[in-house]
Structures are given as C-alpha cells and as structure tokens.
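**Q** sequence plus predicted model, see below.
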Amino acid sequence: MTQAMNPWLDDLLRDMESIQLQRQGDRRIRIDVASEALPALLELLQGRAGYVHLSAISCVDWIDAGEFELVYHVWSYELSTLVSAHTRVPRDPGVYLSVYDLYRPAAFFERDIHEMFGLYFEGSPDMEPFILTEWNGPPPMRKDFDSEAFVNQTFQWEEYRPDWLIEIEEQGGGVSKRPEDIR
Amino acid sequence: MRPENYQAKSHPPSNEYELNFGPNHPGIEGNYALRVKLHGDRVIAARADAGYLHRGFEKLMEGRLWIQNIALVPRICVPDPTPMEVCYSLSVEALCGLDVPPRAQWIRVMQLEMSRLAAHLFAFGGHAATTGLYTNMFWGVADRDLILDRFEELTGGRVYSIYNIPGGVRRDVPEGFLGRLAALLDYLESRLDDYDNLFFRNQVFVRRARDVGTLSQQQALEWGVTGPNLRATGLAFDVRRDDPYLVYDQLEFDVVTEQAGDALARNLVRRGELKQSIRILRQVIAALPGIDGPIRAPIPNPLAWNVPPGETYTRVESSKGELAYYVVSTGGDKPYRVHVRGPSAMHAVQVLEKLAVGARLEDVAQIMFSLDACPPEVDR
C-alpha cells in the first residue's frame, strides 16, 4: 500500500514503527498507530508536513473490545490532504494524553470527549463540564448508557387525562398508549 | 478603633465585577451565554456557557435508522440546515459506495447555495442589530424570507427541508422553479447596492466594527478557525474549492478574502460571498435543464437498510465554516457512531473567549455575531 503514497509521507514515516497507512480516495489517508506513538506522529505531521489544522477528534466506544477509539483528523492547507490518525486506548482506566500543546482546538474536543465518554486527557487545560453542567449520571455517549432506561428510572410517568381527552376517548379517538405498550 | 489596629480586609477591587451575558439577552445568538468579568466596561475574562440547547443528537442518531436521521440532522444548525443534510447524506453514500446521479448533485449545489445566501443575510442582519442598525436587520430577514419561499416550493419545508436523502434528493425541481429562482437572484443582486449604502459603507457600522475582535492569520490557524472567519485573515481556503465535493469543481467562483481579520473584514467576506453564491446559482440555473437523468440512485428498502461496515469523515463548507461528519457503521441498520464537527464549536467557545478579552462590553455582541457562531451547533 505504501508504494502509492506520496514520497514525503514515506520518508516521514519510514522510521516510525507500529504504523499502518491506507489511502482512501484522493485526499484522504488513514493511519493506524499505537497510542504511545500518536503524539509523536502528530508532531511529525504538524512540524514536517504542514498538517496544522486539527479538524476534529472523534471518539468511538468499542464496548465489546473494552476500548475507546480516538480519531485525530488533521488537514494540511499546503498538501490538501486529510490524515485521520486512529488509535485505541483501554476503556478502563480511561486516561490518555492531551495534544493541546500541539493543537489548541484539541482543548474543546478533549473536554467534550471527557464529558460525553468519561475519557480523561492528562495535560488538557480544561476538563470542566461544558454542556452537561447539571448532569450527575454516567457519561451519556458510552454504549452502556441506555437513555430510555435512565429516563424511566429518573422520571415518573404522569397520568394526564383531562376531561376533554376522556370525552374524545369515549368517542373512540385519542392516543392513550404508553411507549412501552407500543413496542 | 485605633488606626494601628485597623487591618484592611482583602476583597476584590470594587471596579471589577462579573456579568452573565445571556442566555436571555438580545446581544447573544440563540440560547447561549458568556460569563464575562469586567473592569469598568472592559472585559478581562470571558467564559462560554453552553448546553441550553443540548438535544443529544449524536446519541439519538445511534438509536435511529439511517434514513430516519435525515429528519434529525438539519436541526443541529437552525439558520443553515442544508449542509447538515447534504453532509450526512454524503457520508452514508461514501459508506455504501453509492454514486449520486449528476442531476441530484446539481440540485444539491443549488440548495446549498440558496441556504448560504439565506444564512449570510441572517448573519449580517443580526450583526447590524448589535450596532443599532435595525433597518438592515429587517431587510436581511425579509429578503431571507423570499429565499425560504423558494425552499418551500422546492422541498415543502421553509427551514428544515429534509429534502436530501442518501442517494440523491427526494423530488425533482418543480415546473417553472428555475425561472422564479432567477428572478429572485436578480432582485437580491439589485439589493446589494442598498445593503452597501445602508450597512457595509455605513460609518456607524464601519467605525464600530473596525479593529474589533481582530484575529491574525497565525492566530486563526492556531485556534482552528475556518470558513469566512479564516478568509477574513487573508487565507484563501474554501472546502468547496480545495477539497471539492458534489460538482463544485465544475463551477466558477472566487474565494473571497479580506486582510484585516476584524469584525468588519468578516462581514465584508460574507458580503462578497453573497455575490459569489448568486454567481454559482446562475450557473446551476443555466446547466440544470441540460442535465437529464434520475434524481436519486436506487437504494435498498430504507426501513431495512444495512449499511456496509466502515467509517468516513466527510467535510463540506457551510456558511459558518468547515462542517464535518465522522460516521461509523458496523453493518447494522443504524449508525454505530456519528460525530458532528460544527464550525461554531471552535468559533463560539475558544475563539470567542479569547477575542472578548480586552474588548469593551458593548462590542462583545458584535464579536459574537461577526464570528457567525451558531449555538445549537455547539450543543448538538
């Protein structure tokens, strides 16, 4: 696969171990890298190949494997290619390194992932809750968080049967089924 | 009390105070807040406070069929919903290896540029209001409404059109629609001079917005700024041109740039893009009648559609900047993970917190509107 790569990327990554390259389309490159080597890879990409724009950090919860997958999407304005660097970290204890010193936008994405997945980033400047400030449940984007079960445990169903609804129901109309009856 | 026994208590200086700017404030966009710390009327610290509009779209999408999510995605960004639909559809198409028919691609471009026009009219109308120029706000909203009329005719929905589906678009262009769109474009173009006189060359606005919220190009790159805000610092980058999707590589348009990087420059970039969007739409109107063929690729039964396993990162240029979807499929009838990267996530949080510091209180609203941040997109 590497024969098709641009020479600069070959040269750049020749010395790095535990890296797999895959070209996906004209301007997309996927790199799989071990979690220890990811900061070094990003530093190389940024410093030597001009990948200065961190487009996003995406997190995927692979609960069956007990891992979080982190995907760092970096874009080079000069080479017009997007590199997606994939790495995996164990779900437990759920700690990884921040790349804030390389990319400032990482602070937002790391804060968001910490809030939604519970993955802590050491060295990130701000791990305070952002969106879920009044939330005391588990991190909601984890696959083992069941929104519906949480709602049923936390809230109570209110009987709502005003007179006008009873009248409609007596005439055979209205929708009075609860969600669990429908399923 | 004897003077030698007097110990001054330490307390914050009386001229420093905190102010909750939003979530109920005419100078804030949508349901969003900034907690600003002030020294006199000068901001010395700012902290973004989001979450008032969190609807949990990313989680909801994991529990719904691929096709059902089309009804969810446009709601992520209210003023500019079309790029959301298109970007999600492009992601699913990439996962399935679907080729979208050319006619559908041109119709999508038409819809995207209509949405960009509407969003820009809304954006500088909003900015005008923060400088007290309410007439321009009314004009912007009224002219946007004319574009919404065309959206209604094309898609059935004024704001959330839910018109793009994976594979193409739902319906073909109605009879006579292109003529009415061309007439609307002529009207909008004739309005540009009025906008210039009333707003873009108005000294009330120019002197208020100049040197406010200035970003250098280096800062913009460092803080992940994209879209018109990046182009206002002199970098000619546009996803439509540099990472093209749909048929943008067959269209002629200029990437509008400005050098100053301040609130004025950001508005002037949007002003230039109005003209470019009109230019693109005229090309679409000229080309579309000559492009025959279906408006969508054949797709499996959408209620029992298992998308092949894989992952994709798809980007488009929304009116606010770089919009991207990271979509993961494990081969099921629902997405395994959808991550929405909205441009406002950068602009409304880190960049706004940084730019507000040192500004006068009355300029904070201007800075936020000049960044064209979209709070629902931050909250998702």
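**A** Received the coordinates, thanks.
**Q** and the residue in the stretch 201-350 of chain B positioned nearest to chain A, how far is that from residue B:77?
**A** In the stretch 201-350 of chain B, the residue that lies nearest chain A is residue B:224 (3.4 Å; Cβ to the nearest Cβ). From N, CA and C alone the C-beta is placed, and that goes for glycine too. With distances taken as Cβ to Cβ, to the nearest Å, residue B:224 is found 18 Å from residue B:77.
**Q** where does the chain have low pLDDT?
**A** You didn't pick a chain, so chain A it is. A:1-18, A:175-180, A:182-183 (pLDDT under 70).
**Q** switch to chain B, that's the one I care about
**A** Counting by pLDDT under 70, chain B contains low-confidence residues at B:1-14, B:26-27.
**Q** residues from it in reach of chain A?
**A** When proximity is defined as Cβ under 8 Å from any Cβ of the partner chain, chain B approaches chain A at B:49-51, B:54, B:56, B:58-59, B:63, B:221-224, B:226, B:235, B:237, B:242-243, B:311, B:313, B:315, B:322, B:324, B:326, B:328, B:336-337, B:339, B:341, B:345-346, B:349-350, B:379.
**Q** drop anything exposed from those residues.
**A** Among the residues of chain B next to chain A, those buried by neighbour count (16 or more other Cβ atoms under 10 Å in any protein chain shown) are B:49-51, B:54, B:56, B:58-59, B:221, B:223-224, B:226, B:235, B:237, B:243, B:311, B:313, B:315, B:322, B:324, B:326, B:328, B:336-337, B:339, B:341, B:345-346, B:349-350, B:379.
**Q** mark which of those residues are part of strands, please.
**A** Counted as lying in strands by DSSP state E, out of those, are B:49, B:311, B:313, B:315, B:322, B:324, B:326, B:328, B:337, B:339, B:341.
**Q** farthest pair in those?
**A** Using Cβ to Cβ, the two most remote members of these are B:49 and B:311, lying 32.7 Å apart.
**Q** so which strand or helix has residue 148?
**A** I went with chain A, as the question did not name one. If you go by DSSP states H and E, residue A:148 is part of helix A:147-154.
**Q** the chain in question should be chain B.
**A** helix B:134-155.
**Q** tell me where the chain has strands.
**A** Since no chain was named, I'll use chain A. A:19-23, A:28-33, A:53-62, A:67-76, A:81-90, A:95-97, A:120-122.
**Q** try chain B instead
**A** Using DSSP E, the strands of chain B run over B:16-21, B:33-39, B:42-49, B:164-165, B:168-169, B:310-318, B:321-329, B:337-341.
**Q** thought residue B:344 was touching residue B:378, still the case?
**A** Yes: contact criterion Cβ atoms under 8 Å: residue B:378 and residue B:344 qualify, at 5.3 Å.
**Q** what residue in chain A comes nearest to chain B?
**A** Going by Cβ to the nearest Cβ, chain B is nearest to residue A:105 of chain A, at 3.4 Å.
**Q** for the helix holding residue B:148, which positions count as buried?
**A** Neighbour count says helix B:134-155 has B:136-137, B:139-140, B:143-144, B:146-147, B:150-151, B:154-155 buried, by 16+ other Cβ under 10 Å.
**Q** just list the residues touching the residue nearest to residue B:351 when sequence neighbours are not counted, thanks.
**A** Using Cβ to Cβ, 6 or more residues apart in numbering or on different chains and skipping residues adjacent in sequence, the residue nearest residue B:351 is residue B:223, 5.2 Å away. Residue B:223 is in contact with A:104-105, B:215, B:346, B:350-351, B:354, counting by Cβ atoms under 8 Å, 6 or more residues apart in numbering or on different chains.
**Q** repeat the analysis, applying 10 Å as the threshold.
**A** A:103-105, A:107-108, B:215, B:229-230, B:346-347, B:350-351, B:354-355 (Cβ atoms under 10 Å, 6 or more residues apart in numbering or on different chains).
**Q** quick one, what contacts the residue nearest in space to the middle of chain A?
**A** Per Cα atoms, centre = their mean, the C-alpha nearest to the average position across chain A is that of residue A:59, at 2.1 Å. By Cβ under 10 Å, 6+ apart, residue A:59 lies in contact with A:68-71, A:89, A:96, A:109-110, A:112-114, A:116-117, A:119, A:141-142, B:326, B:337, B:339.
**Q** mind running it again at 7 Å?
**A** A:68, A:70, A:113, A:117, A:119 (Cβ atoms under 7 Å, 6 or more residues apart in numbering or on different chains).
**Q** and the two most separated of those residues?
**A** For the contacts of residue A:59, the farthest-apart pair by Cβ to Cβ is A:70 and A:117; their separation is 9.7 Å.
**Q** which one of those two is surrounded by more residues?
**A** residue A:70 (24 against 21; other Cβ atoms under 10 Å in any protein chain shown).
**Q** correct me, but that one touches residue A:56?
**A** No: checked against Cβ atoms under 7 Å, the pair residue A:70 and residue A:56 is beyond contact range at 10.7 Å.
**Q** from chain A, how far out is residue B:357?
**A** Using Cβ to the nearest Cβ, to the nearest Å, residue B:357 is found at 15 Å from chain A.
**Q** nearest to residue B:206, out of the strands of chain A?
**A** strand A:53-62 (30.9 Å).
**Q** drop anything exposed from the contacts of residue B:223.
**A** A:103-105, A:107-108, B:215, B:229-230, B:346-347, B:350-351, B:355.
**Q** looking at those residues, which is nearest residue B:249?
**A** The nearest one, if we look at those relative to residue B:249 and count by Cβ to Cβ, is residue B:230, at 20.7 Å.
**Q** report how many residues lie close to the nearest residue to that closest one once chain neighbours are set aside.
**A** Leaving aside its sequence neighbours, residue B:230 sits nearest to residue B:220 (Cβ to Cβ, 6+ apart; 5.2 Å). By other Cβ under 10 Å, 20 other residues sit near residue B:220.
**Q** list the contacts for residue B:220?
**A** B:229-230, B:233, B:261.
**Q** for residue B:160, what are its contacts?
**A** B:74-75, B:81.
**Q** in chain B, which helix is the longest?
**A** Identified as the longest helix of chain B according to DSSP state H is helix B:102-130.
**Q** show me what it is packed against.
**A** helix B:82-96, helix B:134-155, strand B:168-169, helix B:263-287, helix B:361-371 (3 or more Cβ pairs under 7 Å, 6 or more residues apart in numbering or on different chains; DSSP states H and E).
**Q** tilt between that helix and helix B:134-155?
**A** Angle of helix B:102-130 versus helix B:134-155, following axes from the mean of the first three to the mean of the last three Cα atoms, to 10 degrees, is 160 degrees.
**Q** roughly how far out does helix B:102-130 sit from the chain middle?
**A** Centroid separation between helix B:102-130 and its chain, computed with Cα atoms, centre = their mean, to the nearest Å, is 9 Å.
**Q** wait, doesn't the residue of chain A closest to chain B sit right on residue B:224?
**A** Yes: applying Cβ under 7 Å, one finds residue A:105 in contact with residue B:224, separated by 3.4 Å.
**Q** overlap in contacts of these two?
**A** In contact with both residue A:105 and residue B:224: A:54, B:346, using Cβ under 7 Å, 6+ apart.
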